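Undergrad: sharing a model prediction with you, sequence too.
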Amino acid sequence: MVLDKFYLRKKYRECRRQQSTDQKYHAENQIIRFFLSYIDYKNKNIALYFAKKEELNVSLLVKHLWKENINVFLPVMNSEEMTLHFAAYRENTVIKKNVYGIDEPECVNILSPKELDIVLLPMLAFNRQGQRLGMGKGYYDRTFAFRQHNRIKPLLIGIAYANQESQDLTGDAWDIPVDIIITENEYYRV
Ligand SMILES: Nc1ncnc2c1ncn2[C@@H]1O[C@H](COP(=O)(O)OP(=O)(O)OP(=O)(O)O)[C@@H](O)[C@H]1O
Ligand SMILES: [Mg+2]
């Protein structure tokens, strides 16, 4: 199983790398449109992520949400526990690089994962059961492990290109599936 994931990560990283700048831009716009049209996001606490190089960037969504006075959060890594907390992201928030070189907001106004309503998370591969392949550290799985047996909030929305859908992906016991998948082609409720 670990070997399968290793192979799949290689394959889908390559597949993501092959997207042109235009394709990426198109996909990001479509994904944001699907989000704004189908998700009941008013008055909700919403966590997004800052995309790493080839990941789909959803930060353009932030401006829409700010305009509507919605509380936006970004993940902050707790590298000892290997989990995520979520810090408020406002226009004046100071952003710093963490030990992995990923941008993070300064740790003020922290929410625990259970206090969030909606979380957008990047996927390297996915299937129609909502099983997700991430970058392989298990941060999201550990953070949302409390959702393993009961589908309580937050709503987990996985973001990927349509061609990152994989027939070969099977979940491990610790993997936490997403509830909704958004690609450039569709909004899909698992
Ligand atoms: N709830 C958990 N408790 C303890 N270890 C966990 C838990 N969830 C995941 N892990 C560990 O994390 C490692 C990586 O998990 P996995 O391969 O599913 O990563 P991923 O889902 O691709 O990564 P990420 O969630 O960071 O995007 C696994 O080897 C597993 O041992
Ligand atoms: Mg996993």
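TA: That came through, no problem. Ligands and ions are numbered 1, 2, ... in the order given.
Undergrad: quick one: buried residues of stretch 56-65?
TA: Leu56, Asn57, Val58, Ser59, Leu61, Val62, Leu65 (16 or more other C-beta atoms under 10 Å). C-betas here are computed from N, CA, C, even on glycine.
Undergrad: my guess is the first one contacts Ile31. True?
TA: Yes: judged on C-beta atoms under 8 Å, Leu56 makes contact with Ile31 at a distance of 6.4 Å.
Undergrad: would you mind giving the secondary structure of the closest residue to Leu61 other than its chain neighbours?
TA: In this structure, Leu61 finds its nearest non-sequential neighbour in Ile32, 4.9 Å apart by C-beta to C-beta, 6 or more residues apart in numbering. Of the three states, Ile32 takes helix according to DSSP: H, G, I helix; E, B strand; the rest coil.
Undergrad: pull the contacting residues for Ile32.
TA: Val58, Leu60, Leu61, His64 (C-beta atoms under 8 Å, 6 or more residues apart in numbering).
Undergrad: do the same with Leu48
TA: Val58, Ser59, Leu61, Val62, Val72, Phe73, Leu74, Tyr89, Leu120.
Undergrad: and the average pLDDT for stretch 88-97 is what?
TA: Averaged over stretch 88-97, pLDDT sits at 93.
Undergrad: which outside residues touch it?
TA: With contact meaning C-beta under 8 Å, 6+ apart, stretch 88-97 is reached by 48, 62, 66, 71-74, 87, 103-106, 108-111.
Undergrad: go through those residues and flag which are in helices.
TA: Among those, the ones falling in helices (DSSP state H) are Val62, Trp66.
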